[in-house]
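Trainee: Build me a model from this:
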Amino acid sequence: MLRHRAAALVTVTAVFFLGACDGSSGSSAPPASTSATSAPTATSTAPAPEVTPTSTAVTSTVEAPTPDSPAGPDASVVENILQTTWASLGDPGAELDLSPVLTGTALEDVQNQRQEWIINEWHQEGMARIVSTEIEHTADPAVVLARVCVDSAGVEVKDENGATVNSDIPPEEQRSLMLATFSLVEGRWKLAERQFPDDPRC
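Mentor: Next comes the predicted model:
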């Protein structure tokens, strides 16, 4: 269980497997392909996070991307929000306000995950790579679904001694599907929920 938590969310694949092992079975599958962004920012059309997370007592606030259209976020906005979320695991103890890019259960899940990693003295090194993203519109114009395939092979979860916690994750489990729900909140698209299918392979 700890092994999968580590691989996930980093996925958040160190986000992904964590969510799946925690019992969040839902769905996630990505078809359309988009190139991954290695930069952990929440911006596709807007600037990067205003303040880089550090261990300072001052709370940093990430800046949310501005949607290209009210119809929904494009793949780059989805990717930047996810990459910003995963980057927060690099220093779980840093005071960081993720509410500009997360809302609802997604915000609660990430906050709980960061707190758990503080207790376990874990942190993430490396970033997950987004292999493909497919956007699906729903009956509600303020809600869209993103099927995202994430490769977490480049992510390592380290403990307080620098040992890799997720080193025994097999290659076939280092790529997973995530079903991400985005909601339009006060003019901003935010990640509201993430789920994982019974078979997360992609």
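Trainee: C-alpha only now, for contacts and for neighbours.
Mentor: Will do.
Trainee: Kindly confirm my reading that residue 114 is in a strand.
Mentor: No. Using DSSP: H, G, I helix; E, B strand; the rest coil, the secondary structure at residue 114 is helix, not a strand.
Trainee: can you tell me which strand in the protein is longest?
Mentor: Counting residues, the longest strand found in the chain (DSSP state E) is strand 175-185.
Trainee: helices and strands around that strand, which ones?
Mentor: Contact here means 3 or more CA pairs under 8 Å, 6 or more residues apart in numbering; DSSP states H and E; on that basis strand 175-185 packs against helix 16-21, strand 143-151, strand 188-195.
Trainee: What pairs with it, parallel or antiparallel?
Mentor: Listed by DSSP bridges, the sheet partners of strand 175-185 and their directions read strand 143-151 (antiparallel), strand 188-195 (antiparallel).
Trainee: mind putting those in CSV, distance to residue 162 included?
Mentor: As requested, the strands paired with strand 175-185 are exported to CSV (distance: least, CA to CA, whole Å):
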stretch, distance to residue 162
strand 143-151, 22
strand 188-195, 29
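Trainee: picking up where we left off before, buried set for the longest strand of the chain?
Mentor: When burial is assessed from 16 or more other CA atoms under 10 Å, strand 175-185 yields the following buried residues: 175, 176, 177, 178, 179, 180, 181, 182, 183, 184, 185.
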